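# turn this into a model:
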Amino acid sequence: MQEEKMARAIVNKMMETDAFSQWLGIKVEEITQGCCKLSMRIRSEMCNGFGITHGGVAFSLADSTLAFASNGYGRQSVALECSISFPKAVKVNDVLTATATEISLSYKIGIYNVDVHNQNNDLVAAFKGTVYRTSKDWQVE
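Now for the predicted structure:
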């Protein structure tokens with residue numbers, strides 16, 4: 001199976017049972033092995049007591065982007081450590097786009113940066129994630 005087709009098939013399989021990413025309204029814009037771009041629109045129920053989007057929403061978008069990018073090679077990978085910074089507030093109706101870039105990949109560990117921008121191309125979240133690459137392969141056709 002071609003690398004890009006395999007990555008897309010794995011992400012499609014993951015999304016089938018990922019109720020939370022579905023609830024967020026995540027759309028897969030681009031996917032290749034080690035890279036991923038996702039987007040979503042912010043809804044009012046995603047806001048916190050300050051009237052801005054809860055940081056967990058941007059974190060969750062970045063986390064899904066990390067998961068899809070790191071699993072695209074065909075080996076099941078899970079988050080080991082993640083951190084995030086929020087340089088700009090996110091508001092209702094903002095459209096966020098998260099892009100994962102692979103920084104390092106070894107047999108057992110992958111390190112990724114995920115930048116999250118709004119519709120004005122303002123950086124709203126900077127996320128770094130490390131994944132553990134298990135020995136279990138994805139079974140996709």
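
# and the helices in the chain, which stretches?
In the chain, the helices defined using DSSP state H lie at 3-17, 19-24, 55-71.

# now do the longest one: which elements does it pack against?
Packed against helix 55-71 by the contact rule (3 or more Cβ pairs under 8 Å, 6 or more residues apart in numbering; DSSP states H and E) you find helix 3-17, helix 19-24, strand 27-32, strand 35-41, strand 75-85, strand 95-105, strand 109-117, strand 123-137. Glycine gets a C-beta too; all of them are placed from N, C-alpha and C.

# quick one: pLDDT of N120?
N120 carries a pLDDT value of 98.

# again with Q139
Q139 carries a pLDDT score of 86 in this model.

# and for the helix-or-strand element of the chain with minimal mean pLDDT, what are the contacting residues?
Least confident helix or strand of the chain, by mean pLDDT, DSSP states H and E, is helix 3-17 with a mean of 90. Residues from elsewhere that reach helix 3-17, judged by Cβ atoms under 8 Å, 6 or more residues apart in numbering: 1, 21-22, 26, 28, 31-33, 36, 67-68, 71-74, 138, 140-141.

# what's the answer for stretch 40-60, then?
Under the contact criterion Cβ under 8 Å, 6+ apart, stretch 40-60 has outside partners 20-21, 24-27, 61, 82, 84, 86, 89-96, 116, 124-125, 127.

# narrow those residues to just the buried residues.
Burial by neighbour count, judged by 16 or more other Cβ atoms under 10 Å, picks out 21, 24, 26, 61, 82, 84, 86, 90, 94, 96, 116, 124-125, 127 from the contacts of stretch 40-60.

# pick out the most distant pair among these.
Taking Cβ to Cβ as the measure, the buried ones among the contacts of stretch 40-60 span a maximum distance of 21.6 Å, between C82 and D94.

# returning to what we had before: are any of the contacts of helix 3-17 buried, and which?
By neighbour count, with 16+ other Cβ under 10 Å, those hold 21, 26, 28, 31, 33, 36, 67-68, 71-74, 138, 140 as buried.
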